[in-house]
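# sequence? don't have it. structure:
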């Protein structure tokens, strides 16, 4: 007598199909995100690239859908636009560097010296700022950095008012107050993006087995040598990942430069203004291609330097 | 010549856990010394104390006559083969092996030459350009060995180095390790939970239990004259008899191969009557499980023609000299 199976209901047929053809199930699960990523995300990026090669008819204010390099010509022929690109890039580099320098010891501590409950606590401390609104934090910083704000009060209370004055009198980075200077903008950027640097570095450090550190010491390496020969090379991919976040987020931001700092434009603001108020979509597109290119170059350089060798 | 290692009343506590609890031992220069014990017995912590990866809570560590208890690992003339090998994944095999020379500032040409020599010695010549990830477990183990030996340490610590290898490879490596130790003439301290490994390779073995040394002896004496029930049961297998069952005082260990099994019930001294529970035929040997009273005893004999029925009456007999009196637990 043969074994009697329950009747083949529809649900059962579907289960059987998915079990016997796992790739089919995978395909079904992947189609929505692929559509989203492929069409909506990459598609619009491609469209943007396309727009940067159109031109704006100055007379009618209409976009002319013919190939033209006039938007890029406009971008690079104006010293003011070059200034914007240079200013934004330098700020992004400075913020990235500062984030890396501040984040590394914090990540090192969390990865190597905390466990269980205290690790959760420190993760929470890193993530907590991300729970509150970005805008609120930026405006709060404007108040903190204002000429009558907490920071200047603190400097005065310590009798270090002269130091703050000195910092603010430095040309270019200084200004009338921290909230009206590139120094202040730099502080806010660094604060806002810091978690995005700390988290990938923690992840990279936690993947370094303790035994490697011990083996290095066992073979005669002093702590400094162990750091540079073993820990650092294995953590560079994490630092690189974090720096991509901080670098690209700074390149594209258009809120912080509006709220804190000097009146000079940043790339993000320029895109915002050109596509909105000015209605010059091709120029806005050309401006937004700039960070894409810079990031691509940055990735190439980082790769050439061997940042991903340990992956 | 001073001892390679002296541990004097050494303790290492992690919170309430006494990982190492008052250990005294001396390791002689050139000796193959094993620390044997179940997991959590303190043997690895003891090794890590010698290597400098843990700090003693009390007691002293002397390496070649010098106090080393507070020295960091990089200041000790000791190298370690780690259980997981701990090869640097971002370096190729040659750079891994040459690492100890690199951190001492030896020039590239010189250190690569010596790394190549070391690789030859562990039969990995020509593997220098590979990454550790491209090697098999056995090859990684050899790289770890070459890396630890390149600086010609006077003392090599091995933390279950063969644990991750399969049985056949493990047996091969045991022979090679022992030969290497003889030819180099350096002191090996070898941590293992595998009693047959410890017995076959070591000059002396310290058996660890609950952070203390139960017995420190040559393999032969350890097996023939176990001092405590723990050692008797952990090193080889043993039947532990209550003296009262055989008309004696105290507790006794009796090795299974020292027991004769005969069919039927016979009276007399130095024997016990029981019921045959099970017979395991192992090829050259046969193992008998016998119930005597409420105790289960094991006997091992060379296989022969005799066929005993399971469930039938048997008598276990032994020479009086085969009994080993055990220390009664403190």
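Done, it's in. Not measured: the values here are computed from a predicted model.

# so where's the chain shaky on pLDDT?
As the question left the chain open, I've gone with chain A. In the predicted model of chain A, residues A:1-6, A:306-307, A:309-311 satisfy pLDDT under 70.

# right idea, wrong chain: chain B
Residue ranges of chain B with pLDDT under 70: B:1, B:329-330.

# can you list the domains in it?
Using automatic domain parsing, the domain parsing of chain B gives B:5-226, B:237-326.

# format those as a markdown table; extra columns: distance to chain A and mean neighbour count.
C-beta here means a position set from N, CA and C on the backbone, and glycine is covered the same way. Listed next are the domains of chain B as a markdown table, based on distance: least, C-beta to the nearest C-beta, whole Å; neighbours: other C-beta atoms under 10 Å in any protein chain shown:
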| stretch | distance to chain A | mean neighbour count |
| --- | --- | --- |
| domain B:5-226 | 4 | 19 |
| domain B:237-326 | 33 | 15 |
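
# distance to residue A:235 for those - can I get that in a markdown table?
Shown next, in a markdown table, are the domains of chain B (distance: least, C-beta to C-beta, whole Å):
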| stretch | distance to residue A:235 |
| --- | --- |
| domain B:5-226 | 10 |
| domain B:237-326 | 49 |
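
# contacts made by the helix or strand encompassing residue B:100 with the rest, please.
Assigned by DSSP states H and E, residue B:100 falls within helix B:99-103. Residues from elsewhere that reach helix B:99-103 (C-beta atoms under 8 Å, 6 or more residues apart in numbering or on different chains): A:216, A:219-222, A:225, A:229, B:79, B:88, B:91, B:95, B:110-111, B:114-115, B:147, B:150-151.

# just the ones of those in helices?
In this view, the contacts of helix B:99-103 that belong to helices under DSSP state H are A:216, A:225, B:95, B:110, B:111, B:114, B:115, B:147.

# can you pick out the most distant pair from those residues?
A:216 and B:110 (20.4 Å; C-beta to C-beta).

# the most centrally placed residue in chain A - nearest residue in space that isn't next to it in sequence?
Nearest to the geometric centre of chain A sits residue A:245, at 2.4 Å (C-alpha atoms, centre = their mean). Nearest in space to residue A:245, with sequence neighbours left out and distances taken as C-beta to C-beta, 6 or more residues apart in numbering or on different chains, is residue A:196 at 3.8 Å.

# next one: residue A:174
Among residues not flanking residue A:174 along the chain, residue A:168 sits closest, at 4.3 Å (C-beta to C-beta, 6+ apart).

# wait, that neighbour touches residue A:183, no?
Yes - at 7.3 Å, residue A:168 counts as touching residue A:183 under the criterion of C-beta atoms under 8 Å.

# which residues are in contact with both of the two?
The contact sets of residue A:168 and residue A:183 overlap at A:174, A:175 (C-beta under 8 Å, 6+ apart).

# so what does the residue in the stretch 1-150 of chain A positioned nearest to chain B look like in phi/psi?
Using C-beta to the nearest C-beta, residue A:115 is the residue of the stretch 1-150 of chain A that sits closest to chain B, at 12.7 Å. With angles defined as degrees, to the nearest 10, residue A:115 sits at phi -150, psi 160.

# mind listing the helices for the stretch 151-300 of chain A?
Per DSSP state H, counting those that start in this stretch, the stretch 151-300 of chain A carries helices over the ranges A:161-168, A:182-206, A:210-218, A:223-226, A:232-252, A:256-259, A:267-275, A:281-304.

# all strands in the stretch 201-330 of chain B, in order from the N-terminus.
B:204-209, B:212-217, B:239-242, B:251-254, B:260-263, B:271-281, B:285-292, B:295-302, B:313-317, B:324-326 (DSSP state E, counting those that start in this stretch).

# distance of residue B:83 relative to residue B:139?
As judged by C-beta to C-beta, to the nearest Å, residue B:83 and residue B:139 stand 16 Å apart.

# same question, residue A:39
Distance of residue A:39 to residue B:139, computed by C-beta to C-beta: 48 Å.

# rewinding a little: turn the helices of the stretch 151-300 of chain A into JSON lines, including distance to residue A:65.
Below are the helices of the stretch 151-300 of chain A laid out as JSON lines (distance: least, C-beta to C-beta, whole Å):
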{"stretch": "helix A:161-168", "distance to residue A:65": "49"}
{"stretch": "helix A:182-206", "distance to residue A:65": "37"}
{"stretch": "helix A:210-218", "distance to residue A:65": "58"}
{"stretch": "helix A:223-226", "distance to residue A:65": "60"}
{"stretch": "helix A:232-252", "distance to residue A:65": "26"}
{"stretch": "helix A:256-259", "distance to residue A:65": "32"}
{"stretch": "helix A:267-275", "distance to residue A:65": "16"}
{"stretch": "helix A:281-304", "distance to residue A:65": "10"}
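
# longest single helix anywhere in the chain?
Going with chain A. Using DSSP H, we find that the single longest helix of chain A is helix A:79-113.

# my question was about chain B
Chain B, longest helix under DSSP H: helix B:167-184.

# and it, how far out from the chain middle?
In this view, helix B:167-184 has its centroid 14 Å away from the chain centroid, taken as C-alpha atoms, centre = their mean, to the nearest Å.

# now stretch B:104-116
34 Å.

# cool, stretch A:206-216 as well?
In terms of C-alpha atoms, centre = their mean, the centre of stretch A:206-216 is set 29 Å apart from its chain centre.

# what's the following helix or strand past the longest helix of chain A packed up against?
Sequence order places helix A:116-131 as the next helix or strand after helix A:79-113, per DSSP H and E. If contacts are counted by 3 or more C-beta pairs under 8 Å, 6 or more residues apart in numbering or on different chains; DSSP states H and E, helix A:116-131 sits against helix A:79-113, helix A:182-206.

# angle of helix A:116-131 against helix A:182-206?
Interaxial angle, helix A:116-131 versus helix A:182-206 (axes from the mean of the first three to the mean of the last three C-alpha atoms, to 10 degrees): 140 degrees.

# now do the very next helix or strand once past helix A:116-131 against helix A:182-206, angle only.
Using DSSP H and E, the helix or strand that follows helix A:116-131 in sequence is helix A:134-145. On the basis of the same axes, to 10 degrees, helix A:134-145 is oriented at 120 degrees to helix A:182-206.

# what lies in contact with helix A:134-145?
For helix A:134-145, contacts defined as C-beta under 8 Å, 6+ apart pick out A:129, A:149-151, A:177-179, A:184, A:187-188, A:191-192, A:255-256, A:259-260.

# cool, thanks, talk later.
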